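Student: Predicted coordinates and the sequence they were generated for:
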Amino acid sequence: MRLLIIGGTSFLGRAAAEEALRRGDEVTTFNRGRSGPDVEGVEALRGDRADEGDLAVLAGRPFDVVVDTCGFVPQVVGRSVRVLQGSGAHYVFVSSISATPTWPGAPTPDGLDGQPCASDAGPEDGDYGVLKAGCERAGTGSDARLTWVEDAFLLEREVAPWTELPLWMPKGQDGDHVWDAETGAAERAGLRVRPVTDTVRDTWAWMQAGGRVPKEPPHAHLPRHGIDPDKEQRILTDWSSR
């Protein structure tokens, strides 16, 4: 595996580099050369991640995984993401529990949205935890945040399965077997499948690299799919105020 570690000379980054080398991976590190000596066996590249000119040394290089252990400012993390978006790599951003809105004053359950912070925020736009939350969003290339809402809650608010929420089909809606289709013959004829996460990742990479969907999709003559943004916001507000 070809691994790029942004950082890689101290603390967590150094441990990641040493473990990857132990496993036989090809490891490249990118850092300023100030926090510690390079791990023996890595390809060490020098540069300041806040400098777009320095980041250019990474452009066009193929990696399987990028591990970002030292991102503290969203706009800086965003630069790294943009430079590496054509590398085909899975981008792993190491965040902090400080990014959550509850810690340390209250228990911190799994699945919380991070503190409010834009993905292009600068160093003066918040404290450590706020900026870490913004860095998480910069790592995904989007300010969108996932909110998991229970099926029953959506049905009570008349969200239409499949059309308002594409591919959503809760139990008991005359679609319990929507994914239960025999594919044996197609597979024997050569059909190959892969995880949905891979398809989403590669489609997003294609779009970020300049791919464009048709202005008029093939099903343009059919009723528009997708939930109305105002309706979606009302449901999210109701859900968060429970």
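Tutor: Cool, the structure landed.

Student: Run through the strands of the chain in chain order.
Tutor: 2-6, 26-31, 43-46, 65-68, 90-93 (DSSP state E).

Student: out of those strands, deepest packed?
Tutor: Per-stretch averages of neighbours, counted by mean count of other CB atoms under 10 Å, single out strand 2-6 among the strands of the chain, with a mean of 24. To be clear about C-beta, it is placed using only N, CA and C from the backbone, and glycine gets the same treatment.

Student: That strand relative to strand 26-31, how many degrees between them?
Tutor: 20 degrees (axes from the mean of the first three to the mean of the last three CA atoms, to 10 degrees).

Student: Contacts for strand 2-6 next, please.
Tutor: If you take CB atoms under 8 Å, 6 or more residues apart in numbering as the criterion, strand 2-6 is touched by 13, 16-17, 20, 25-31, 42, 49, 58, 61-71, 80, 84, 87, 89.

Student: returning to that earlier point: looking at the strands of the chain, spot the one closest to residue 134.
Tutor: Evaluated over those, closeness to residue 134 peaks at strand 90-93, with 11.1 Å, by CB to CB.

Student: what about residue 205, how many neighbours?
Tutor: By other CB atoms under 10 Å, the residues close to residue 205 number 15.

Student: I'd guessed it sits against residue 84; true?
Tutor: No - in this structure, residue 205 is not within contact of residue 84 by CB atoms under 8 Å, at 10.4 Å.

Student: hmm, back to that, can you flag the weakest of the strands of the chain by average pLDDT?
Tutor: Here the lowest mean pLDDT among these goes to strand 90-93, at a mean of 92.
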